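In: pasting the structure only:
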């Protein structure tokens, strides 16, 4: 077994009002934010694919700084994230995920916009696939990507979660701090 396989992936369950999200980190940063109210198995299946052989270790202390920023976001008090993110993917996926991080709080972009931004205008479907593989929901804001016609499109966390996140951002920009419940 390689030394890297012994390095744990730390996780915890973030509870915020009626929301329950599993989040995980490596020593390098936040690597996973789960879907709203999904079971632990969503995290464990993902971790086995991305970090085969590495143990999953529950550690609330290692997760606290990440959980704090997510809670501030849910409360409408945070518009950007400062925690380090440790995502692993293909060069194309990383380009797409970085482009998602450039979408301003409260704004949306289409899949075509993202394809154009990364200079791959013909790769709209591949952009959609890369967005769907985003392991770090909310902090890498794939919820800000909508259809070219303005319609809500698929989201790993579900369309209800996507709608809530977009509503939170719109409300926060209008001066409210209602947050999510």
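Out: All right, it came through fine. Given the structure is predicted, the values throughout are model-derived calculations rather than measurements.

In: contacts only, for the residue most central in space within the chain.
Out: Taking CA atoms, centre = their mean as the criterion, residue 137 is the residue nearest the geometric centre of the chain, at 1.5 Å. Shown in contact with residue 137 (CB atoms under 8 Å, 6 or more residues apart in numbering): 21, 33, 34, 35, 143, 156, 157. Heads up, the C-betas are built off the backbone N, CA and C, glycines and all.

In: got the contact list for the third one?
Out: The reference is to residue 34. Counting by CB under 8 Å, 6+ apart, residue 34 makes contact with 21, 22, 23, 42, 43, 137.

In: which residues in the protein form helices?
Out: Here the chain has its helices, by DSSP state H, at 40-50, 60-74, 91-101, 111-117, 124-132, 159-173.

In: what's the closest of the ones you listed to residue 82?
Out: Taking CB to CB, helix 60-74 is the member of those nearest to residue 82, at 6.9 Å.

In: average pLDDT across that closest one?
Out: Computed over helix 60-74, the mean pLDDT rounds to 95.

In: report all helices and strands that it contacts.
Out: strand 9-16, strand 19-26 (3 or more CB pairs under 8 Å, 6 or more residues apart in numbering; DSSP states H and E).

In: among the contacts of residue 34, name the buried ones.
Out: 21, 22, 23, 43, 137 (16 or more other CB atoms under 10 Å).

In: need the pLDDT of the third one.
Out: Yep, that's residue 23 we're talking about. On pLDDT, residue 23 comes in at 97.

In: residue contacts, it?
Out: Counting by CB under 8 Å, 6+ apart, residue 23 touches 11, 12, 13, 14, 30, 32, 33, 34, 63, 66, 67, 70.

In: show me the beta-bridge partners of it.
Out: residue 12, residue 33 (DSSP bridges).
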